[in-house]
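J.: fold the following and give me the result.
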Amino acid sequence: MTKTLIQNALVIDGTGAAPKEGQVVVVENNKIAYVGPSENYEKQGDEQVVDAKGGTVLPGLIDTHVHMMMEYSPLSQRLTTPFSYMYYQAQEYLNNTVQAGVTTVRDALGTDLGVKQAVDNGLITGPRLQISVNALTITGGHGDGTQLNGDVIDILPSGHRGMPDGRCDGVAEVRKKTREMLRAGADVIKVHATGGVLSPTDHPEFTQFSLEELEAIVEEANFRKGVKVMAHAQGAEGIKNAVKAGIHSIEHGIFIDDEAADLMVENGTYLVPTLLAPVSVLETADEKGMPQSAVDKTEEVIEQHKISFKRAYDKGVKIAMGTDAGVMKHGTNLRELALMRDAGMDPMDTIVSTTKTAAECLGWDEQLGTLEEGKLADLVITNVNPVEDLDALANNDNVQYVMKDGKVEKNQL
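T.: Numbering: from 1, shown residues only. Below is the predicted model of the structure:
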């Protein structure tokens, strides 16, 4: 039995409770055995002691919207990169994510079951993965890589073993495609309920899939022991359709209006805002060769995105942190927290959004998301109090210690 005692730390347990001083955290094997006042824990003498040096211990952080198999790159680079090379690149992306303190992610398309198993079996280092495999989309919609000249240029390859093509139209086809994703190992079903920024032939406000199609997708997913559905949904009508259909989480939510926010509260629907995505598109447009159409659409929606986020937050919508990492560099995930604060969220609530609420969104809250006895030993130590300095988390050097499932993945103390 291995036992680790973390002392000399400020503890933020992820529940929203105020930070606590004079606490220790004890890990036995891969579980949290004790969190509480140091004077109430009697050392056994066999603990490996970790001195947090006055830093802050938090639960392992969770990003509920990533794309681990990609980082957006210029078209010329994608066309000259061999297919299998992306799997080796992904090893770096996965490691960079853990080094940032993100120990669990939900992949919103592009990562297949083999990658998840490679992480689970310890072949490669990475965060715990919940995967959607690929996203369902309509012909000509967001996710259909058919360009205006007729060529098909997808951001990520699909239609290969382990990665079914996501295009489908009509109730019968969406049922079949949902079954194909489940057969390929999807833990969650991803659907594009509206257009998007990076797709060439639509707009974020365009509605994709009818209410009947969305309901069929949700029904089919729920047949498999309650598998949830996440929806890329940016326009107000598409958001409302998704919520009415029983979809579990709205990704992006750029044009949330009062009616949509009220529906989300009523139905317990999560919002995954990904405020970092449009910021990154504008920051890296020239370097990454972003199409001008994507830049134009991003400039059009970026301020509305913040307004909708604040509206949802003020209404009491459940918000889980997500970044769309892959649009930007993996390992920069924690920039999202400061962006949420700047858009009007309380700093402690941003921490809860990437711990407790994110774990609830993934359905893994019995094991993850808070520092509590009996939960998996996922935790990080930062050299700052993030509630007081969220901006510091953008620098991964300030995340000094990372433990995932009881295993130390980073130690710079």
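J.: check which helices and strands whichever strand or helix holds residue 278 is in contact with.
T.: For residue 278, the enclosing helix or strand under DSSP states H and E is helix 276-288. Contacts defined by 3 or more C-beta pairs under 8 Å, 6 or more residues apart in numbering; DSSP states H and E place helix 276-288 against helix 292-315, helix 335-342. The way it works is simple: take the backbone N, C-alpha and C, and place the C-beta from them, glycine included.
J.: mind giving me the packing neighbours of the shortest one?
T.: Secondary-structure packing of helix 335-342 (3+ C-beta pairs under 8 Å, 6+ apart): helix 276-288, helix 347-353.
J.: contacts for that helix next, please.
T.: The contact list for helix 335-342, computed with C-beta atoms under 8 Å, 6 or more residues apart in numbering, reads 63, 273-276, 279, 309, 319, 321-323, 347, 349-351, 353-354, 386, 390-391, 393-394.
J.: reformat the helices and strands packed on helix 276-288 as JSON lines; add mean neighbour count.
T.: Formatted as JSON lines, these follow (neighbours: other C-beta atoms under 10 Å):
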{"stretch": "helix 292-315", "mean neighbour count": "17"}
{"stretch": "helix 335-342", "mean neighbour count": "22"}
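J.: next one: the helix or strand of the chain with the lowest mean pLDDT to chain centre, how far?
T.: Taking mean pLDDT, DSSP states H and E as the measure, the chain has helix 75-79 as its least confident helix or strand, at a mean of 81. Relative to its chain's centre, helix 75-79 lies at 26 Å (C-alpha atoms, centre = their mean, to the nearest Å).
J.: and the next helix or strand after that helix, what's buried?
T.: Going down the chain from helix 75-79, the next helix or strand is helix 85-99, by DSSP H and E. For helix 85-99, the buried set under the neighbour-count rule, 16 or more other C-beta atoms under 10 Å, comprises 86, 89-91, 93-99.
J.: and stretch 247-260, by the same measure?
T.: Buried residues in stretch 247-260, counting neighbours by 16+ other C-beta under 10 Å, are found at 247-256, 260.
J.: only the C-alpha atoms, please, for that stretch, written as PDB.
T.: What follows is stretch 247-260, C-alpha atoms only, in PDB (Å, rounded to 0.1, in the frame of the first residue of the first chain):
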ATOM      1  CA  ILE A 247     -29.900  17.000 -25.000                       C
ATOM      2  CA  HIS A 248     -27.700  17.000 -21.900                       C
ATOM      3  CA  SER A 249     -25.300  19.900 -22.700                       C
ATOM      4  CA  ILE A 250     -25.100  22.900 -25.000                       C
ATOM      5  CA  GLU A 251     -21.600  23.500 -26.400                       C
ATOM      6  CA  HIS A 252     -20.700  27.200 -27.100                       C
ATOM      7  CA  GLY A 253     -24.200  28.700 -26.800                       C
ATOM      8  CA  ILE A 254     -23.300  31.900 -28.600                       C
ATOM      9  CA  PHE A 255     -26.800  33.200 -29.100                       C
ATOM     10  CA  ILE A 256     -28.600  32.100 -25.900                       C
ATOM     11  CA  ASP A 257     -31.600  34.300 -25.400                       C
ATOM     12  CA  ASP A 258     -33.800  34.600 -22.300                       C
ATOM     13  CA  GLU A 259     -36.200  31.800 -23.500                       C
ATOM     14  CA  ALA A 260     -33.300  29.500 -24.200                       C
END
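J.: I'm done for today, thanks for sticking with me.
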